[in-house]
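Mind folding the following:
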Amino acid sequence: MFVVVLAPFGATGDQVNAACPPGAPGEGQEPEAKGPLRASQIAYARIIDQVAVQRGLPGQATLIALMTALVESNLQNLSYGDADSVGLFQQRPGAGWGTPGDIMNPTYAANAFFGGSDPPSPPGLVDINGWPSMNLGDAAQAVQVSAFPDRYALREQQARQIAALARIDLNRAGDPYAGRSGGDADGAISTPTPAQPGGDCGGGLTDGKPTAGNWPPEDQTVPDPTGTGGMLTPRTAAWVAAARTALQNPSMSCWDAHVWNPTSDHPKGRACDVFVGGDGRKKAAARADGDRYANWTVQTAGQTGVRYVIWYGKIWSARTGQWRPYNGGGVYDPSSASGGHFDHVHVSIY
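Okay, the predicted model is just below:
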């Protein structure tokens, strides 16, 4: 794989900002870059725009991507960042954006930011309904789901300056949903159908449809109703209440420190595990319950803000609306009952 790493390009660590630079996140424009740093920004801008052009996306998509990369990495291909974040957009392997090597490839990272029917799992720009009519900063936030949502709009002018230097046409027309499964936001998307036994998805699971939307970040303000003693976001707590009603009060647990996996959504109050009463590979009743829990979660994801579901060696993403093989994310043993999620359904919420 060919990886372009132009940063730091002569700059020291404190000259190139990471996703969460020291000081107050969300402050205004960075000082205008000059010399080698500006040259590398222009080079990365051209790579991002080349991806957008090849996909048939409008210039507005390039502008939003440039604003986002300026906030996240100062438009540099960083090999470090907050937690496990790397690359131009500070995408996280632990959140499903790909391997560190994938994300450090600027072309891959740009394609991942723009989204569509191909992996990785998190929703990209084209998966966000109505993004062309959003404020530019809000569209960026819909993809990044940042704790500092106001930062992106502050970098519009700088993004336009770099685009001008790179001779990028930000007024270019295009299909705002190019590459999205099912076509544009108004196009018909097929009704979920059960997967056939022995097929890629296993017995009884339904693919559903892409359901990515604009889900603003939330703080952990609600005591976990599953009794862990931790705190959940309001959206996660609402999902618990809905699941208990619809699924006849299954056994579940949400908040957990997850010290072995600091990138997990559990300590952030954005994830729950629904237990099926045993290994679904060995107990038919457990498999049937897990399929039922997973299918209901997928079918209601657009209303509840579910981001992804893991069950029975598969992971479903709101971005793609499809089940794909689950490899453990480099943390879990996918062959074990727990690591492969054969004994519980994992649900992560935006």
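
hey, C-alpha coordinates of stretch 255-263 in PDB?
Below are the C-alpha coordinates for stretch 255-263, written out as PDB (Å, rounded to 0.1, in the frame of the first residue of the first chain):
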ATOM      1  CA  TRP A 255     -22.000   1.200  31.300                       C
ATOM      2  CA  ASP A 256     -18.700  -0.500  32.000                       C
ATOM      3  CA  ALA A 257     -15.100   0.800  32.500                       C
ATOM      4  CA  HIS A 258     -13.800  -1.600  29.900                       C
ATOM      5  CA  VAL A 259     -10.200  -1.000  31.000                       C
ATOM      6  CA  TRP A 260      -9.000  -3.600  28.500                       C
ATOM      7  CA  ASN A 261     -10.500  -1.500  25.600                       C
ATOM      8  CA  PRO A 262     -10.300   2.200  26.300                       C
ATOM      9  CA  THR A 263     -11.800   3.000  22.900                       C
END
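
distance between stretch 322-339 and the chain's centre?
Relative to its chain's centre, stretch 322-339 lies at 18 Å (CA atoms, centre = their mean, to the nearest Å).

Same question for stretch 314-327.
Relative to its chain's centre, stretch 314-327 lies at 12 Å (CA atoms, centre = their mean).

what's Arg244 in contact with, if anything?
If you count contacts by CB atoms under 8 Å, 6 or more residues apart in numbering, Arg244 has them with 250, 252. Every C-beta, even on glycine, is put in place using the N, C-alpha and C of the backbone.

quick check, it in a helix?
Yes. Under DSSP: H, G, I helix; E, B strand; the rest coil, Arg244 falls within a helix.

distance of it from Tyr293?
For Arg244, the distance to Tyr293 equals 11 Å [CB to CB, to the nearest Å].

Likewise for Val222?
From Val222 to Tyr293 the distance is 22 Å (CB to CB).

Between these two, which is the more surrounded one?
Between Val222 and Tyr293, counted using other CB atoms under 10 Å, Tyr293 has the larger neighbour count: 23 against 17.

Name the SS class of that one, please.
Under three-state DSSP, the three-state class of Tyr293 is helix.

Not counting its neighbours along the chain, what's nearest Leu165?
Leaving out its chain neighbours, the residue that sits closest to Leu165 by CB to CB, 6 or more residues apart in numbering is Ile42, at 5.3 Å.

Pull the contacting residues for that neighbour.
Applying CB under 8 Å, 6+ apart, the residues near Ile42 are 162, 165-166.

name the element it belongs to?
Take DSSP states H and E as the rule and Ile42 turns out to sit in helix 35-55.

cool, Cys272 as well?
Counting by DSSP H and E, Cys272 is part of strand 271-275.

do the same with Ala112
Of the helices and strands defined by DSSP H and E, Ala112 is found in helix 106-114.

Then Val347?
With secondary structure defined by DSSP H and E, Val347 is part of strand 344-349.

by contact count, what packs against that strand?
Applying 3 or more CB pairs under 8 Å, 6 or more residues apart in numbering; DSSP states H and E, we find strand 344-349 packed against helix 234-246, strand 271-275, helix 284-299, strand 306-311.

State the next helix or strand along the chain beyond the first one.
Put plainly, it is helix 234-246. The helix or strand immediately downstream of helix 234-246 is strand 252-253, counting by DSSP H and E.

Export only the CA atoms of the helix or strand following the helix holding Ile42, formatted as CSV.
Heading C-terminal from helix 35-55, the first helix or strand you meet, by DSSP H and E, is helix 59-73. In CSV, the C-alpha atoms belonging to helix 59-73 read as follows (Å, rounded to 0.1, in the frame of the first residue of the first chain):
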residue,chain,number,x,y,z
GLY,A,59,-17.3,21.0,-4.8
GLN,A,60,-19.2,21.6,-1.6
ALA,A,61,-18.2,18.1,-0.4
THR,A,62,-14.5,19.0,-0.9
LEU,A,63,-15.0,22.2,1.1
ILE,A,64,-16.5,20.4,4.0
ALA,A,65,-13.8,17.8,3.9
LEU,A,66,-11.1,20.5,3.9
MET,A,67,-12.7,22.3,6.9
THR,A,68,-12.9,19.0,8.7
ALA,A,69,-9.3,18.1,8.1
LEU,A,70,-8.1,21.5,9.1
VAL,A,71,-9.8,21.1,12.5
GLU,A,72,-8.7,17.6,13.1
SER,A,73,-5.1,17.6,11.9
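
model confidence over the helix or strand just after helix 59-73, on average?
Using DSSP H and E, the helix or strand that follows helix 59-73 in sequence is helix 100-103. Taken as a whole, helix 100-103 has a mean pLDDT of 94.

I figured Ser348 hits Gly305, correct?
No. Counting by CB atoms under 8 Å, Ser348 sits too far from Gly305 to count as a contact (9.9 Å).

Thanks a lot, catch you later.
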